[in-house]
Each structure stands twice: as C-alpha cells, then as structure tokens.
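>>> 3D model of this:
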Amino acid sequence: MRNNEQTLILEGNIWKMMWTLSWPAIVAMVLYGLNVFIDGIFVGQFIGETALGGITLVYPITQILNGVGTLIGVGAGSYLSILIGKKDFEKQHRLMGNVNYLILISSAIVTVLGIITMPYILNFLGAKEAEYAYSKDYITTVLFGSIFWIAGLAYNMIVRAEGRMKTAAFMMGTGLVANVILNYIFVAILHWGVIGIALGTNIGMLIYTLQFIVYMARKKASFESNYLSLKRVHDDKKQIMSLGFPSLLMSVMYVIQMFVIMYSLKTYGVDSDVSFYGAVFRLFNLFLTPIYGLMRALQPAIGINFGAGHYKRVSQSFKLFAFVAALIMLPFWAVAMLKPDFMMHMSLPDRVFTDIDVSNFRFMLGLCPVLPAIFMAMTYWPAVGNAKPAAILGISRQLFLYIPAMLILPKLFGVSWLYKGSFVIDLAIIVIVLTMVLKELKVLCTKEKPLAVNSNNL
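Next comes the predicted model:
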C-alpha cells in the first residue's frame with residue numbers, strides 16, 4: 001500500500017520531496033542533539049566538571065548502543081525502502097520478526113559485555129577515583145536500559161524508511177522532551193547525579209520504543225508485518241545485517257577512535273583537557289544534528305527510487321541533499337568561529353579559555369560546512385544495496401589514518417594535534433568520497449530505462 005510520502009518520493013517535485021521529508025527529520029535530530037548537549041549542561045552546571053569528565057570517558061560505550069541500533073535500523077530501513085520500491089509484499093511481511101530477533105540478541109550481548117569490560121576500559125583510560133565513580137554509575141545504569149536504546153533507534157528508522165518523517169519525528173521528539181524533563185527532576189530537584197541523567201535517557205528511550213509498538217498495533221504502517229514476531233528468515237536477516245554493517249562499523253571505529261583520544265588526552269594532557277574535549281565534542285555533535293536529519297530523509301528518497309529503477313532521481317536526490325546540508329551548516333559554523341568563548345562557556349562556565357583552547361575549538365568545527373558530503377555518501381551506498389564502499393572507507397579512515405595519527409601526533413607535538421590531525425584527515429576523506437560518489441552516480445544514470453508515455457507523465 002503506497003502512502004502519500006512514497007508517491008511524492010517516486011513522482012513528486014524533487015525540491016518539495018526534499019523539504020517534506022527533511023524538515024521533520026531535522027527537527028527530530030536537532031532535538032536529539034540538544035538532548036545530548038543539555039545532558040552535558042546539566043552535568044556541568046549541577047554536578048561539576050569532574051562528573052562531566054567522568055561521563056565523557058564512557059561516552060564511547062554509549063555509542064556502541066547507538067551503533068547496534070543503527071545497524072538494525074539502517075539495515076532494515078534500507079531493505080524496506082528497496083522492497084517498497086519493488087512492491088515485494090512477502091518480504092515486507094517478514095521484516096519485523098527479523099528485526100525483533102536481532103534487537104533481543106544484540107541488547108543482551110552488549111549489556112553483558114559492557115558490564116564485564118567496563119572496569120578494564122576505565123583503568124586503561126586512566127580514570128581517577130572520582131572520575132571512575134561517576135563513569136561507573138552512569139554507564140552501568142545506561143547498560144541496563146540498552147534494549148530500549150537499540151529498539152527505539154531501530155524502530156524509528158523503519159518508520160523513516162516508509163517515508164513517514166513526521167511520524168518518526170513526533171515519536172523521537174516525545175521521548176526526548178520526556179528525557180529533558182526527567183533530567184531536570186532527577187538531577188536539579190532530586191540530586192541523583194549522573195545516575196539521574198542515565199535514568200532520564202533510559203526512560204526517554206522506553207517511551208520512544210512503546211510509541212512504535214502502538215503505531216504498529218493500530219495498523220498505521222504502510223506495510224503489513226507481525227510486529228510481535230521473533231521469527232527470522234536467514235536470507236532476510238543476512239540482508240539486514242549486510243546493509244546495516246557499515247553503520248555499525250562506523251560506530252565501532254568511532255568508539256575505538258574515542259578511546260584512543262581519551263587515552264592520548266589522559267597520557268599527554270591534563271584532567272581539564274578531557275572535560276574540554278567532552279564539551280567541544282557535544283557542541284560539534286549538536287551542529288551536525290541537522291545533517292543527521294537530512295541523512296535519515298535521504299535514505300528512503302534514494303532507496304525507494306533505486307528499488308523502482310528511477311536512477312536519475314537517485315542522483316538528483318543525493319546532490320540536492322548534500323547541497324542543502326552545506327547551506328544549513330554555514331550559519332552555525334559562522335557563529336562558532338566568531339564567538340567561540342560564548343559557545344564553550346555554556347558547558348564550562350567557570351573555565352578561562354586560552355588562545356590554544358580557541359584554536360582547538362576552531363579546528364574541531366572548521367570543516368562543518370563540507371562534512372555533510374561524507375555523511376550523505378555513507379547513507380547513499382547502503383540505500384542502493386551496496387554497503388561495501390562505506391565499510392572499506394570506514395575501516396581505512398580509522399585504522400590507517402585516524403588511530404595512528406591520534407597516538408603519534410599528541411606524543412610528538414602536544415594534545416592540540418588531536419584537533420589539527422582530525423582536520424587534515426577529514427579534509428582528505430571528503431575529497432576521496434565526493435570523487436567516488438559522483439563517478440558512481442554518473443554511471444548509474446546511464447542505466448535508467450525510459451519511462452513509458454502515459455497520461456500520468458504528460
């Protein structure tokens with residue numbers, strides 16, 4: 001059953017399609033980014049800089065949860081979009097059994113492994129006694145809610161894959177607003193500290209998950225599937241995993257990268273370097289959240305058109321979304337470059353920033369207007385059923401460039417080169433990715449079959 005959004009994706013004006021799909025996704029992701037940023041503000045303002053450093057140390061572990069949720073969500077969402085374009089109703093019906101099975105198994109594995117390895121990770125990172133306590137309290141609480149993190153993200157991406165961005169945004173927004181309210185109650189009023197921050201997030205993700213169950217139970221989805229099923233079909237499960245694997249890989253590589261950065265900061269810097277990096281990183285993530293929204297909107301635009309054989313619309317969609325993403329980033333980037341002290345004081349109100357701090361801040365955010373090219377490419381490849389380039393680039397960037405640079409440069413030249421090295425590496429990757437994608441799109445457009453002339457095309 002084709003819905004209005006799917007008709008717009010396949011046949012509508014491409015600018016209107018981009019706007020209709022994008023604004024709800026951008027609003028939802030901005031709320032998500034604000035939530036992470038506001039978490040940092042709550043910790044910095046009500047608990048202290050040491051607590052902010054403590055939760056920053058274990059932030060990479062939370063990204064594993066996001067990575068697993070994205071693995072399932074991007075894989076199932078990309079698969080669903082292609083199936084919608086192909087009108088393959090049988091495989092659509094089997095989808096949720098595979099998704100639910102993967103959520104249950106993966107959340108159990110992540111929780112157990114996270115609790116077992118957490119002490120070793122904190123010791124490796126050199127967490128001091130006060131930081132260790134904050135880190136342990138926060139991440140232990142988060143891990144016990146891991147099934148809601150993974151399910152909430154995966155389910156929401158399935159709704160987006162249908163092209164129903166407004167519905168997905170409403171689900172996300174409701175959970176995130178609840179999270180912020182609960183953070184205030186738990187931290188500012190009840191003084192539960194970092195445990196309160198983690199509980200607020202877990203409950204927000206639970207609300208997020210329950211909304212999808214209600215959505216499916218009320219038969220609001222555009223595809224029919226048994227939303228409570230745990231039945232898995234090997235071929236479908238394999239397809240979901242292969243299409244979502246680059247997203248998980250990026251998260252895992254990113255976690256390794258973060259651990260390396262934390263190690264370098266603790267080894268070659270001072271305690272305040274960790275809290276500074278955590279504050280700047282949260283702002284960096286906040287700036288990128290509109291781009292994450294455009295990524296979510298681009299996935300069904302490409303996947304559904306690719307499944308239907310509309311390859312020119314695939315190319316047009318990629319180029320338009322990448323261009324608009326760069327335009328969105330410009331004003332945020334300009335404010336950050338011109339008023340860095342104002343931005344940084346929101347999370348670290350008592351700190352006096354040096355010229356080196358300002359320089360590091362600017363290097364961290366310097367490529368924001370052109371970074372969307374990487375994110376759009378990482379959405380494009382799984383959406384057309386070809387996840388291999390994204391996986392190869394993800395591994396190569398981290399193993400051969402980023403990790404060696406983050407270990408060597410700070411040792412030789414100081415922690416400022418964590419920021420400068422990242423800038424140079426990302427600039428090189430942007431050039432490589434754009435060259436690859438534009439070449440592939442040019443070839444893809446030659447495969448478009450001419451449309452039959454009928455009254456709908458006149």
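
>>> so where does the residue positioned nearest the centre of the chain fall, helix or strand?
By Cα atoms, centre = their mean, the chain has its centre lying nearest to Y292, at 6.3 Å. Here Y292 sits within helix 271-307, counting by DSSP states H and E.

>>> And that helix, how far out from the chain middle?
Its chain's average C-alpha position is 5 Å from that of helix 271-307, according to Cα atoms, centre = their mean, to the nearest Å.

>>> Check the gap between the residue lying closest to M172 once chain neighbours are set aside and M165 for me.
Closest residue to M172 apart from its sequence neighbours, by Cβ to Cβ, 6 or more residues apart in numbering: A28 at 4.1 Å. Any C-beta I mention is one placed from the backbone N, CA and C, and that applies to glycine too. Distance, A28 to M165, by Cβ to Cβ, to the nearest Å: 8 Å.

>>> What of L65?
Distance of L65 to M165, computed by Cβ to Cβ: 23 Å.

>>> Mind listing what's buried along whichever strand or helix holds G394?
Counting by DSSP H and E, the element that carries G394 is helix 388-396. Residues of helix 388-396 classed as buried by neighbour count (16 or more other Cβ atoms under 10 Å): 389-391, 393-394.

>>> quick one: which of those residues is nearest to S22?
Of all the buried residues of helix 388-396, A390 has the smallest distance to S22: 21.2 Å, by Cβ to Cβ.

>>> confidence score at the closest one?
We have a pLDDT of 80 for A390.

>>> Spatially nearest residue to it (excluding sequence neighbours)?
Nearest residue to A390, sequence neighbours excluded (Cβ to Cβ, 6+ apart): P246, at 3.6 Å.

>>> The one you found: how many residues sit nearby?
Close neighbours of P246, defined as other Cβ atoms under 10 Å, add up to 27.

>>> Please list all residues in contact with it.
Counting by Cβ atoms under 8 Å, 6 or more residues apart in numbering, P246 touches 74, 378, 381-382, 387, 390-391, 394.

>>> Name the residues of the helix or strand containing it that come out as buried.
Assigned by DSSP H and E, P246 falls within helix 234-268. By 16+ other Cβ under 10 Å, the buried positions in helix 234-268 come out as 236-237, 239-266, 268.

>>> quick one: which of the contacts of P246 is nearest F148?
When these are compared against F148 (criterion: Cβ to Cβ), the nearest one is V74, at 18.4 Å.

>>> the inter-axis angle of the helix or strand encompassing the closest one versus helix 271-307?
Using DSSP H and E, V74 sits within helix 59-86. Inter-element angle recorded for helix 59-86 and helix 271-307: 10 degrees (by axes from the mean of the first three to the mean of the last three Cα atoms, to 10 degrees).

>>> where's the residue lying closest to L294 once chain neighbours are set aside, which helix or strand?
Excluding the flanking residues, the one nearest L294 by Cβ to Cβ, 6+ apart is A325, at 4.9 Å. Counting by DSSP H and E, the element that carries A325 is helix 311-338.

>>> F148 too?
If you go by DSSP H and E, F148 is part of helix 146-161.

>>> which ones are touching D350?
By Cβ under 8 Å, 6+ apart, D350 lies in contact with E49.

>>> and if we set it to 10 Å?
By Cβ atoms under 10 Å, 6 or more residues apart in numbering, D350 lies in contact with 44, 48-49.

>>> Please apply the same query to G67.
Residues near G67 by Cβ under 10 Å, 6+ apart: 106, 110, 150, 153, 244, 247-255.

>>> I374 now?
250, 291, 322, 367, 390, 393, 397, 426, 429-430, 432-434, 437.

>>> Then V352?
341, 345.

>>> Over to K312?
Counted by Cβ under 10 Å, 6+ apart, K312 has contacts 14, 305, 441, 444-448.

>>> Now render the residues you listed as TSV, adding neighbour count and secondary structure.
Output for the contacts of K312, formatted as TSV (neighbours: other Cβ atoms under 10 Å; DSSP: H, G, I helix; E, B strand; the rest coil):
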residue	neighbour count	secondary structure
I14	18	helix
N305	27	helix
L441	19	helix
L444	16	helix
C445	14	helix
T446	8	coil
K447	9	coil
E448	14	coil
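
>>> Of these, which is the nearest to Y59?
Distance to Y59, by Cβ to Cβ, is smallest for L441 among the contacts of K312, at 35.2 Å.

>>> surely that closest one meets Q316?
Yes: judged on Cβ atoms under 10 Å, L441 makes contact with Q316 at a distance of 9.2 Å.

>>> Contact partners for the residue nearest to K266 when sequence neighbours are not counted?
Nearest-residue entry for K266: G126, 4.2 Å, with adjacent residues in sequence omitted and distances by Cβ to Cβ, 6+ apart. For G126, the contacting residues are 57, 132, 262-263, 265-267, 271, 274, by Cβ under 10 Å, 6+ apart.

>>> Show me the two of the residues you listed that sit farthest apart.
The span of the contacts of G126, defined through Cβ to Cβ, is set by Y132 and T267 at 16.7 Å.

>>> Which parts of the stretch 351-458 of the chain are helices?
Ranges of helices in the stretch 351-458 of the chain, per DSSP state H, counting those that start in this stretch, are 355-365, 372-383, 388-396, 403-413, 416-445.

>>> most tightly surrounded among those?
Across those, averaging neighbours per residue (mean count of other Cβ atoms under 10 Å) puts helix 372-383 on top, at a mean of 25.

>>> Return the mean pLDDT over that helix, rounded to an integer.
Here the average pLDDT along helix 372-383 is 86.

>>> What of stretch 155-172?
86.

>>> what about it, start to end distance?
Counting by Cα to Cα, to the nearest Å, you get 10 Å between the two ends of stretch 155-172.

>>> buried sites along that stretch?
For stretch 155-172, by 16+ other Cβ under 10 Å, it's 155-172.

>>> Stretch 276-289 too?
Residues of stretch 276-289 classed as buried by neighbour count (16+ other Cβ under 10 Å): 276-289.

>>> and the two most separated of the residues you listed?
F276 and T289 (21.0 Å).

>>> roughly how far out does stretch 155-174 sit from the chain middle?
14 Å.

>>> again, but for stretch 72-83
With Cα atoms, centre = their mean, you get 16 Å for stretch 72-83.

>>> Kindly export it (C-alpha atoms) in PDB.
C-alpha atoms of stretch 72-83 as PDB (Å, rounded to 0.1, in the frame of the first residue of the first chain):
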ATOM      1  CA  ILE A  72      19.500  -2.900  12.700                       C
ATOM      2  CA  GLY A  73      17.600   0.300  11.800                       C
ATOM      3  CA  VAL A  74      19.700   1.300   8.800                       C
ATOM      4  CA  GLY A  75      19.800  -2.300   7.600                       C
ATOM      5  CA  ALA A  76      16.100  -3.000   8.000                       C
ATOM      6  CA  GLY A  77      15.200   0.500   6.800                       C
ATOM      7  CA  SER A  78      17.300   0.300   3.600                       C
ATOM      8  CA  TYR A  79      16.000  -3.100   2.900                       C
ATOM      9  CA  LEU A  80      12.400  -2.000   3.500                       C
ATOM     10  CA  SER A  81      12.800   1.100   1.200                       C
ATOM     11  CA  ILE A  82      14.000  -1.100  -1.600                       C
ATOM     12  CA  LEU A  83      11.200  -3.700  -1.000                       C
END
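
>>> Right, I'll call it a day here.
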